[in-house]
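> here is my input, please return the structure:
(one chain, ligands or ions: 1)
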Amino acid sequence: MAEGGVQRGLEDVVALESQICFIDGKEGRLIYRGYDIRELAERSTFEEVAYLLWYGRLPTPDQLDGLRTRLAGLRALPEPIERILAEMPPSANAMDVLRTCVSALAILEPAETQPGPSSIGGALRLTAVLPTILGHFHRARAGMPRLAPAPDLSHAAWVLHALRGTEASELEVRALDVALILHADHELNASTFAARVTASTLSDLYSAVTSAIGTLKGPLHGGANERVMELLDEVGTPARAEEVVRAKLARHERIMGFGHRVYKVEDPRATILREWSRKLGQAKGNLRYFDLLRQVEQVVHAEKGLYPNVDLYSGSIYTLLGIPRDLFTPLFAASRVSGWTAHVLEEYQDLRLIRPTSRYVGPIDLAYVPIEKRTAA
Ligand code: ACO
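Below is the predicted model of the structure:
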């Protein structure tokens with residue numbers, strides 16, 4: 001709502017034109033470069049979607065092969081980053097670790113940091129390397145040896161391998177692949193906007209991604225899926241869902257994983273992830289999370305008329321995949337980096353410094369008082 005000419009939170013403000021992502025909040029549709037997310041989640045892979053976001057078209061088999069090979073060849077970390085990771089305290093926030101390593105990479109790999117079309121090299125490099133950073137950090141803090149990049153694995157399989165070190169089943173890899181596809185882009189969300197603002201000053205792609213990671217770290221953007229899992233811990237059994245949710249609503253608490261600024265119906269990503277939560281739960285003989293979530297969903301809809309968003313079911317999938325909760329948001333970054341960088345490349349193509357204005361509401365014409373005559377307020 002505009003107040004005195006100010007659109008707080010820039011809600012509903014159209015800040016720029018983009019060909020990358022379209023959200024139809026009324027119909028509950030999400031489109032990447034013209035393709036419906038439901039079809040992409042059904043038929044494509046993360047690598048194919050990343051190609052689509054970066055180059056604006058679906059790849060041919062050769063182009064996809066080329067991208068897979070390039071990404072796989074860019075997974076290794078330079079030695080100084082290995083040393084930085086070895087120095088990180090195990091209690092470090094994993095988003096801080098990601099942000100620090102991306103920032104340090106910009107110093108170590110300056111050839112990739114020039115703004116312009118060649119920044120596609122940096123987009124590939126960062127997309128390839130974020131799972132390695134997460135894997136090394138996570139395994140070091142757990143006292144496990146780091147793993148050498150496995151060039152034969154797909155991006156999703158490498159993410160799972162880098163974290164767990166065990167061989168993942170085809171179903172596990174596909175579940176993560178779908179989650180990565182669904183998180184790859186989402187129009188002008190806060191972190192993408194931050195990346196574009198940075199790029200619009202003609203700063204480099206690594207700086208833009210550093211800004212984006214810092215922005216995604218905030219709990220109002222990333223992190224709701226972690227809180228959903230905490231809610232499930234509190235609920236415990238489906239029979240308690242109504243009591244716990246009602247008590248929270250009575251205290252005017254938000255129920256994580258519900259509601260959305262843009263979607264006025266169910267988030268299409270939630271629809272797809274619900275099915276994957278069920279499928280994976282069935283395969284692992286553990287439908288506990290799915291059953292709890294279904295119950296919570298029914299109560300929240302009956303009480304508040306709210307629909308699930310992408311965060312409601314994703315945490316249950318990651319948990320079933322053996323991914324620790326504090327890595328949920330970094331995993332989001334490992335997918336969204338493809339969208340951030342696609343937006344940065346688009347920004348470089350049609351550059352206009354993003355610099356809004358504010359309405360000044362402070363005093364003017366105050367008399368300057370010499371320091372020796374000032375008194376504490
Ligand atoms: N639980 C309870 N009530 C809610 C929720 C919720 N999750 N979401 C919205 N509402 C209620 C608000 O209390 C408000 O009610 P009121 O009019 O009676 O005061 C009404 O719905 C409108 O809420 P707003 O905050 O104005 O809606 P907005 O569109 O700004 O909020 C947001 C969107 C921030 C996502 C909100 O729905 C929320 O806090 N959800 C929980 C957090 C969450 O799941 N975040 C992940 C979003 S997806 C993503 O970022 C990847």
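> now do the closest residue to the ligand within the stretch 101-250 of the chain against Pro89, distance only.
Ranking the residues of the stretch 101-250 of the chain by distance to the ligand (Cβ to the nearest ligand atom) places Ala224 first, at 3.6 Å. Placement of C-beta: from N, CA and C, glycine included. Ala224 sits 26 Å away from Pro89, taking Cβ to Cβ, to the nearest Å as the criterion.
> was I right about Phe199 contacting Thr210?
For residue 199 the amino acid is Ala, not Phe. No: contact criterion Cβ atoms under 8 Å: Ala199 and Thr210 do not qualify, at 11.5 Å.
> neighbour count: those two, which is higher?
The neighbour comparison of Ala199 against Thr210 (other Cβ atoms under 10 Å) goes to Ala199, with 28 against 25.
> list the contacts of that one.
Pro115, Leu205, Ala208, His343, Val344, Glu347, Tyr348, Leu351 (Cβ atoms under 8 Å, 6 or more residues apart in numbering).
> number of nearby residues for the second one?
Read it as Leu205. Residues lying near Leu205 (other Cβ under 10 Å) number 31.
> check contacts around it.
Glu112, Thr113, Pro115, Ser119, Gly122, Ala123, Leu126, Ala199, Thr341, Val344, Leu345 are the contacts of Leu205 under Cβ under 8 Å, 6+ apart.
> could you check which of Ala224 and Pro89 is surrounded by more residues?
Using other Cβ under 10 Å as the criterion, Ala224 and Pro89 rank with Ala224 on top: 23 against 7.
> tell me the pLDDT of whichever residue of the stretch 201-350 of the chain sits closest to the ligand.
Of all residues in the stretch 201-350 of the chain, the one sitting closest to the ligand is Gly259 (2.3 Å; Cβ to the nearest ligand atom). We note a pLDDT of 93 for Gly259 in this prediction.
> so what's the residue count around it?
Other residues near Gly259 come to 18 when the count uses other Cβ under 10 Å.
> and if you look at the one 5 residues further on?
By other Cβ under 10 Å, the residues close to Lys264 number 13.
> same check, this time on Ala50
Ala50 sits with 27 neighbouring residues when counted by other Cβ under 10 Å.
> now swap in the one 3 residues further on and tell me
Burial of Leu53, expressed as a neighbour count using other Cβ under 10 Å, amounts to 23.
> isn't it right next to Asp185, touching?
Yes: Leu53 is within contact range of Asp185, at 5.8 Å (criterion: Cβ under 8 Å).
> common neighbours of these two, please.
Taking Cβ under 8 Å, 6+ apart as the contact rule, Leu53 and Asp185 both touch Ile20, Tyr32, Ser338, Gly339, Ala342.
> keep only those of those residues that are in strands.
In this view, those that belong to strands under DSSP state E are Tyr32.
> output the shared contacts of Leu53 and Asp185 in a markdown table; the columns should cover neighbour count.
Output for those, formatted as a markdown table (neighbours: other Cβ atoms under 10 Å):
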| residue | neighbour count |
| --- | --- |
| Ile20 | 21 |
| Tyr32 | 23 |
| Ser338 | 28 |
| Gly339 | 26 |
| Ala342 | 28 |
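> ends of stretch 230-241, how far apart?
Counting by Cα to Cα, to the nearest Å, you get 13 Å between the two ends of stretch 230-241.
> got the buried residues for it?
Leu231, Leu232, Val235, Pro238, Ala241 (16 or more other Cβ atoms under 10 Å).
> is it true that Ala128 touches Leu77?
No: between Ala128 and Leu77 there is no contact under Cβ under 8 Å: 10.3 Å.
> for the chain, what lies in contact range of the ligand?
Residues of the chain lying close to the ligand (Cβ under 6 Å from any ligand atom) are 221, 224, 254-261, 304, 306, 309-311.
> out of those residues, give me the one that has the most neighbours.
Comparing the residues of the chain next to the ligand by number of neighbours (other Cβ under 10 Å), Gly257 comes first, having 27 neighbours.
> list the contacts of that residue.
Going by Cβ under 8 Å, 6+ apart, Gly257 touches Ala224, Asn225, Arg227, Val228, Leu231, Pro308, Asn309, Asp311, Leu312, Tyr313, Gly315.
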